[in-house]
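Visitor: Show me the folded form of this:
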Amino acid sequence: LASRRGHARPSLRVHVSFLAQKWPRLIAEIMWVVEQQTPRCLQAACPNVFRLLRLLNLENLVEPRGFVHLALLLGLFLSISFGICWITDVAQLYCLTPLPWNKDNVSLQYASCVWELLGGILFWKNACDMVVVIALYD
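Guide: A predicted model of the protein is given here:
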């Protein structure tokens, strides 16, 4: 079909080589923006945390130095936020409210509280491990 029009379709190899040429520059530009904006965003959102990091001479921990470091920071943020959500559900006893799938079974409600407490503890443990990994990241 393509030969009837007078030109051949580019092969998959051409598309892959085109992406291989363009992606490193795009990735480098994205990382440059992230590296420039992360400290500013943290300082605007949490000035006390940023001030504490500056006093401890650890403000370089929040400046991503690559995709692995950025993924670690994202994992830390997600672990802390999910840990807070799950622990507050248990602290407010929201897990004991009857939901459509556990209206008749009270033991399932208590199991849900135990499950959320365990999940919150695991998320906080993961956040502590992520802090250690980020601190030791070269």
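Visitor: contacts and neighbour counts: CA atoms only from here.
Guide: Fine.
Visitor: Spatially central residue in the protein, please.
Guide: residue 74 (2.7 Å; Cα atoms, centre = their mean).
Visitor: Residue 124 versus residue 99, what's the distance?
Guide: Residue 99 sits 26 Å away from residue 124 when distances are taken as Cα to Cα, to the nearest Å.
Visitor: ok, the two, which is more surrounded?
Guide: Ranked by neighbour count (other Cα atoms under 10 Å), residue 99 and residue 124 place residue 124 first, with 20 against 10.
Visitor: What's the per-residue pLDDT of the more buried one here?
Guide: With respect to pLDDT, residue 124 scores 93.
Visitor: Locate residue 127 within the secondary structure: which element?
Guide: helix 106-136 (DSSP states H and E).
Visitor: in that helix, what counts as buried?
Guide: 108-109, 112-113, 116-117, 119-121, 123-124, 126-127, 130-131, 134 (16 or more other Cα atoms under 10 Å).
Visitor: Same question for stretch 75-95.
Guide: Applying 16+ other Cα under 10 Å to stretch 75-95 flags 75-76, 79-80, 82-83, 86-90, 95 as buried.
Visitor: May I have stretch 74-92 exported as PDB, CA atoms only?
Guide: The C-alpha trace of stretch 74-92 is given here as PDB (Å, rounded to 0.1, in the frame of the first residue of the first chain):
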ATOM      1  CA  LEU A  74       8.300  10.400  45.400                       C
ATOM      2  CA  GLY A  75       8.200   7.200  47.300                       C
ATOM      3  CA  LEU A  76       8.900   9.000  50.500                       C
ATOM      4  CA  PHE A  77       6.100  11.500  49.800                       C
ATOM      5  CA  LEU A  78       3.700   8.700  49.000                       C
ATOM      6  CA  SER A  79       4.600   6.600  52.000                       C
ATOM      7  CA  ILE A  80       4.200   9.500  54.400                       C
ATOM      8  CA  SER A  81       0.900  10.600  52.900                       C
ATOM      9  CA  PHE A  82      -0.600   7.100  52.900                       C
ATOM     10  CA  GLY A  83       0.700   6.400  56.400                       C
ATOM     11  CA  ILE A  84      -1.000   9.600  57.600                       C
ATOM     12  CA  CYS A  85      -4.300   8.700  55.900                       C
ATOM     13  CA  TRP A  86      -4.400   5.100  57.300                       C
ATOM     14  CA  ILE A  87      -3.300   6.000  60.800                       C
ATOM     15  CA  THR A  88      -5.900   8.900  61.000                       C
ATOM     16  CA  ASP A  89      -8.600   6.400  59.900                       C
ATOM     17  CA  VAL A  90      -7.700   4.300  62.900                       C
ATOM     18  CA  ALA A  91      -7.300   7.200  65.300                       C
ATOM     19  CA  GLN A  92     -10.700   8.600  64.400                       C
END
